[in-house]
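>>> next come a sequence and a model predicted from it.
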Amino acid sequence: MRGASLPARVVLRRLLDTLPRPARGGPGGAAECRHDRQLRLTAERGRPFRTDSLTGVDDRVALRHAVVRALARTRVPGRAAGALLLDVDGFTSVNDSHGQHGGDELLRQVAARLLALCRSGEVVARLGGDEFIVLAGSARLSDCVELSERIVAALRAPYDLGGSSVVVSASVGVVYADDEQDHDAFLQQADVAMRVAKAAGGDRVVVFDAATHTVLLDRQALGRDLRTALGQGQLSLVYQPIIDLRTGATCGAEALMRWTHPTRGAVCPTVFVPMAESAGLIGRLGAWVLEQACLQLAAWDALDTGGQGLHMAINVSRRQLDGELADTLRRITSRTGIAPGRLLLEITETAFVEGDVDLAQQLEDLRAVGCRIAVDDFGTGYSALNELRRIPVQVLKIDKSFVDGIASSREELAVTTAIVRLAQSLHKTTVAEGVETGAQLAHLLGLGCELAQGFLFSRPLDPDAFTAYRSATPVYQPLASAGFRGLTDWSVAGLS
């Protein structure tokens, strides 16, 4: 309706007269569609009719009018303005794997969910790309945060894109003003809070305050340091032993990356790995991890008198799969002399969404190299069970959150039991993560879980300490006392 010669309100009313009336309940009734509701609310507010052509929510111009009015109302004592700026985490991957049509459909469904969650008086607008704004109607910050958390939870649920199930999340920045301020500054604060949420790994809510901008600047500086960390020798690998519960022997290790910053000290992987992904560095860092892990296997082989070598579990980002990972693996295993079958590539469950043809083909390419595939953090995502039959996965790693409560919670025990039984029925191996107590170990043994790792056995160790651990603990003693002995290759565990 841009450029209409009639007043905007008249044009809107004429347009609304052509729309079907709600079957029941009047305005806002159950039969009123979301788009009609947005049109009706726009007309009632008397502001220019500008909607985003893709999603049907307000566009930037309409949003600006709404924000200016909301900020003007803060002149009244007790009135405040709140805004939620959200960015869809993982949208680029959806666009890459499902094309622009799939990305557009995802944005339409996100917009529909936002409209469904918002009440009368709250404005939903699209800023562009995969960013949306919700202008809250509440005068309380706690209500803005509560709405944000409901939005984050709602956007986690799977989306149906032409028969394929896709899972994304959202990073939300909240800004709250109880006095009048500039429109641009108001939205910029929301953007800063959103970027802090995204830099922290996404799928969360951050409220803007005086410290938020400082946090963002600090993370940006850390991101710049990460680009030079590899060349300056600041990155290293540690290795956590993996125990074969049927023999008590150390049959493998999980390689874990560590960053020792020259001035900050140890930087947590949950901080720098998302940074590497968002900065496009994960392919380079991932290739370095693969090569270092294979070189370490070769070094241990030179010392190993036990006859059969260890296997190495390595975490792989979903974004690494979009690159030349199979070729990188061929090159590294050939150069280091490590058989690809000794590598177990761990991919988090959230990457395994129903109908993702690209992912299935990428995993087949890795299988063609000879590597094995594990679903990490199994049970915490939305992967469809039929995907376990379709994709070439050999191992399910039981998430630590389930292992934590296995000895004290019937619910956690039931979930863990179901995972082990499912793996057994599909001829896949289970690995329990985060085993810390003898009671947890006893339950896992009773269920028939094959492999385990955790502080009960050992913390992650540097290469020399790992070598010493193997020499001092050829068989985990509580299992040895129960009659377990000898070293068993993972192929016996159904990994071949």
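Right, received. Where do you want to start?
>>> for the residue lying closest to residue 219 once chain neighbours are set aside, grab phi and psi.
In space, and not counting its chain neighbours, residue 219 is closest to residue 199: 4.5 Å by Cβ to Cβ, 6 or more residues apart in numbering. For glycine as for every other residue, the C-beta is placed from the backbone atoms N, C-alpha and C. When read as degrees, to the nearest 10, the backbone of residue 199 gives phi -70, psi -30.
>>> contacts only, for residue 199.
216, 219, 223, 274-275, 278 (Cβ atoms under 8 Å, 6 or more residues apart in numbering).
>>> among those residues, which ones are in helices?
Here DSSP state H is the test, and those give 216, 219, 223, 274-275, 278 as lying in helices.
>>> could you measure from residue 151 over to residue 157?
When distance is defined by Cβ to Cβ, to the nearest Å, residue 151 is 12 Å away from residue 157.
>>> show me which of these two is the more surrounded one.
Taking neighbours as other Cβ atoms under 10 Å, residue 151 and residue 157 compare with residue 151 leading, 22 against 11.
>>> so that one sits right up against residue 116, yeah?
No - the pair residue 151 / residue 116 is not scored as a contact, 10.2 Å apart, by Cβ atoms under 8 Å.
>>> the longest helix along the chain - contacts with which helices or strands?
In the chain, with assignment by DSSP H, the single longest helix is helix 91-117. Taking 3 or more Cβ pairs under 8 Å, 6 or more residues apart in numbering; DSSP states H and E as contact, the helices and strands that helix 91-117 lies on are helix 34-45, strand 81-89, strand 123-128, strand 131-136, helix 141-156, strand 159-161, strand 164-166, helix 357-369.
>>> tell me where the stretch 201-350 of the chain has helices.
Per DSSP state H, counting those that start in this stretch, the stretch 201-350 of the chain carries helices over the ranges 212-229, 269-278, 282-303, 318-321, 325-336.
>>> okay, the angle between the last one and helix 282-303?
For helix 325-336 against helix 282-303, the angle between stretch directions is 30 degrees (axes from the mean of the first three to the mean of the last three Cα atoms, to 10 degrees).
>>> same check on the first one?
Orientation check (the same axes, to 10 degrees): helix 212-229 against helix 282-303 gives 50 degrees.
>>> how about helix 212-229, which residues are buried there?
Within helix 212-229, the residues that qualify as buried are 212-213, 215-216, 219, 222-223, 225-226, 229, counting by 16 or more other Cβ atoms under 10 Å.
>>> does anything pack onto that helix? Which helices or strands?
Going by 3+ Cβ pairs under 8 Å, 6+ apart, helix 212-229 lies up against helix 183-199, strand 250-261, helix 269-278.
>>> any idea which of those gets closest to residue 466?
Nearest to residue 466 among those is strand 250-261; the distance by Cβ to Cβ comes to 6.6 Å.
>>> and residue 198, how many neighbours?
Per other Cβ under 10 Å, the neighbour tally for residue 198 reads 23.
>>> hang on, it packs against residue 87?
Yes - the pair residue 198 / residue 87 is scored as a contact, 6.0 Å apart, by Cβ under 8 Å.
>>> any residues in contact with both of these two?
Counting by Cβ under 8 Å, 6+ apart, the common neighbours of residue 198 and residue 87 are residue 171.
>>> any idea how far stretch 332-348 is from the chain center?
In terms of Cα atoms, centre = their mean, to the nearest Å, the gap separating the centre of stretch 332-348 from the centre of its chain is 25 Å.
>>> residue ranges with poor pLDDT in the protein?
1-50, 137-139, 180, 305-308, 322-323, 350, 352-357, 381-387, 477-496 (pLDDT under 70).
>>> kindly recompute the last result at 50.
1-36, 39, 41-48, 307, 354-355, 480-496 (pLDDT under 50).
>>> residues near the closest residue to residue 321 other than its chain neighbours, how many?
Counting by Cβ to Cβ, 6+ apart, the nearest residue to residue 321 once its immediate chain neighbours are dropped is residue 362, at 4.4 Å. Number of residues near residue 362 (other Cβ under 10 Å) recorded here: 22.
>>> can I assume residue 362 is in contact with residue 329?
No - assessed by Cβ under 8 Å, residue 362 is found out of contact with residue 329, at 11.8 Å.
>>> before we move on, back to that, tabulate the helices of the stretch 201-350 of the chain (TSV), appending distance to residue 421.
Shown next, in TSV, are those (distance: least, Cβ to Cβ, whole Å):
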stretch	distance to residue 421
helix 212-229	42
helix 269-278	31
helix 282-303	32
helix 318-321	28
helix 325-336	32
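>>> ok, residue 53 - how many residues close by?
Neighbours of residue 53 (other Cβ under 10 Å): 7.
>>> what's it sitting at in phi/psi?
According to degrees, to the nearest 10, residue 53 has phi -70, psi -30.
>>> could you check how many residues crowd around residue 284?
Neighbour count for residue 284, taken as other Cβ under 10 Å: 12.
>>> should've said residue 150
Residue 150 sits with 11 neighbouring residues when counted by other Cβ under 10 Å.
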